[in-house]
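A.B. asks: The sequence and its predicted three-dimensional model are supplied below.
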Amino acid sequence: HFLQYSVVGLPSLCSDRDPYINIVQHDIDGILVENTYQAWKSEIVKCLNDRNRLSQMGQAAKQTVFSKHLMSHHGDSYCAIFEDLVRTEI
């Protein structure tokens, strides 16, 4: 959900697990939360009390998506995959 929310400037709270730990920069463009009930509860309360933090992270996340995660940045890789799929050996 990080990429989908970020593209419209919404901040994300994500479990500190794959795939998020490889994409989200904690406290910069999103929040990585330890995967426990108490950690999630604490982080949600913290977020509810700091709208400026969330707004800044949402905008940073949007910039991250546009600069690193658009398909146009990976077009050559996708084309190579599709070419391999349709290529027939004679």
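C.D. replies: Here it is on my side, so go on.
A.B. asks: check contacts around the spatially closest residue to residue 64 that is not a sequence neighbour.
C.D. replies: Nearest residue to residue 64, sequence neighbours excluded (C-beta to C-beta, 6 or more residues apart in numbering): residue 29, at 4.6 Å. The C-beta positions use only the backbone N, C-alpha and C, and glycine is treated the same way. Counting by C-beta atoms under 8 Å, 6 or more residues apart in numbering, residue 29 makes contact with 6, 57, 60, 61, 63, 64.
A.B. asks: Quick check: the first one touching residue 58?
C.D. replies: Think residue 6. Yes - counting by C-beta atoms under 8 Å, residue 6 does reach residue 58; the two are 7.4 Å apart.
A.B. asks: more crowded one of these two?
C.D. replies: Taking other C-beta atoms under 10 Å, residue 6 and residue 58 do not tie; residue 6 has more neighbours (26 against 19).
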